[in-house]
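Asks: Below are the sequence and a predicted model for it; my questions follow.
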Amino acid sequence: MMGGFKMQKVIVATLFIFSILQAEAICTKQTSSQDIELILETNDDVNCMLILANRYMKEGELSQGFFYLSKANMLDPKKVQADKSSKVLKLALSLSELENDAITNSNVDSWNKLGDEYFEMKAFKEAKDAYFHSLEVNSDQNEIRILFAITLQALKQHYRAVIELEKVLEVDRQNIHANYYVGKILKNNVGDLAKAANHFHLTLRVLKNKSHDIKNNESIFFIEDSEKELQLIKNNENEK
């Protein structure tokens, strides 16, 4: 018969092993994101963070995914390096640092750089959010507002994109980018051909007067595409 002290050691060891297994199984790929979020409120479990990070990134929620990946890396870098998500770790750390600075210091430059990084990745939801917060801090940024409008357009929020571009035109009536993009959205997504034509005509007038600082190759593109769109509008009117 096993002695009392030895039995106690066996029980303690068993409980220890069980607790490890239970901790490792605290989150599985079948656990819902909501449940994992709740678990992480009271338990800094790296496995849970990695499951959530990979899931969010796969679903296109990059900012959330990068946040949990960065947090997991702070707690256990070796485990993160062994995970498939380590391929984007450098990017995740960089963008999470930018976002933290932007939030903590209401830093417009950090918001804009974050938006630009996501925009180049075609992660338009995250780019939209970054530009939105930047404009909250400083609304007098026409270029950022135009980029914000383009992200809205990419997310099929056409009318809201037009509203943002019209805000630019209220203070800069001859803004080539704002006029061109308003024209494109009005023609292709809203269906207001007459108003679209007005914006294309204004785009051409400003470009041909050369009262702008647009690069030559970009100017040629805007001229050719605006003329093409005006011809399509004209053809549409003739068919009626």
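Replies: Good, I have the coordinates.
Asks: Now name the helix or strand holding the spatially most central residue of the chain.
Replies: Residue closest to the mean C-alpha point of the chain, counted by C-alpha atoms, centre = their mean, is Glu126 at 1.4 Å. Element membership for Glu126 (DSSP states H and E) is helix 124-137.
Asks: which non-adjacent residue is nearest the residue nearest to the centre of the chain?
Replies: Distances taken as C-beta to C-beta, 6 or more residues apart in numbering place Tyr118 nearest to Glu126, at 4.1 Å, with adjacent residues excluded. Where you see a C-beta, it was placed from the backbone N, CA and C, and this is true even at glycine.
Asks: State the pLDDT value of Leu202.
Replies: With respect to pLDDT, Leu202 scores 95.
Asks: And Asp76, its phi and psi?
Replies: phi -150, psi 80 (degrees, to the nearest 10).
Asks: I figured it was touching Asn47, is that so?
Replies: No: judged on C-beta atoms under 8 Å, Asp76 makes no contact with Asn47 at a distance of 9.2 Å.
Asks: biggest helix in this protein, by residue count?
Replies: The residue-count maximum for a helix in the chain (DSSP state H) belongs to helix 216-239.
Asks: Identify each buried residue in it, please.
Replies: Across helix 216-239, burial judged by 16 or more other C-beta atoms under 10 Å covers Ser219, Phe222, Ser226, Glu229, Leu230, Ile233.
Asks: so who does the residue nearest to the first one when sequence neighbours are not counted touch?
Replies: Nearest-residue entry for Ser219: Leu207, 5.5 Å, with adjacent residues in sequence omitted and distances by C-beta to C-beta, 6+ apart. In this structure, Leu207 makes contact with Ile176, Ile214, Ser219, Phe222, Ile223, Ser226, judged by C-beta atoms under 8 Å, 6 or more residues apart in numbering.
Asks: Likewise for Ser32?
Replies: With the criterion set at C-beta under 8 Å, 6+ apart, Ser32 makes contact with nothing.
Asks: what about it, distance to Asn235?
Replies: 53 Å (C-beta to C-beta, to the nearest Å).
Asks: again, but for Gly60
Replies: As for Gly60, its distance to Asn235 is 38 Å (criterion: C-beta to C-beta).
Asks: Then Gln157?
Replies: Gln157 sits 29 Å away from Asn235, going by C-beta to C-beta.
Asks: Ser94 - nearest residue in space that isn't next to it in sequence?
Replies: With sequence-adjacent residues excluded and distances taken as C-beta to C-beta, 6+ apart, Ser94 is closest to Glu117, at 7.9 Å.
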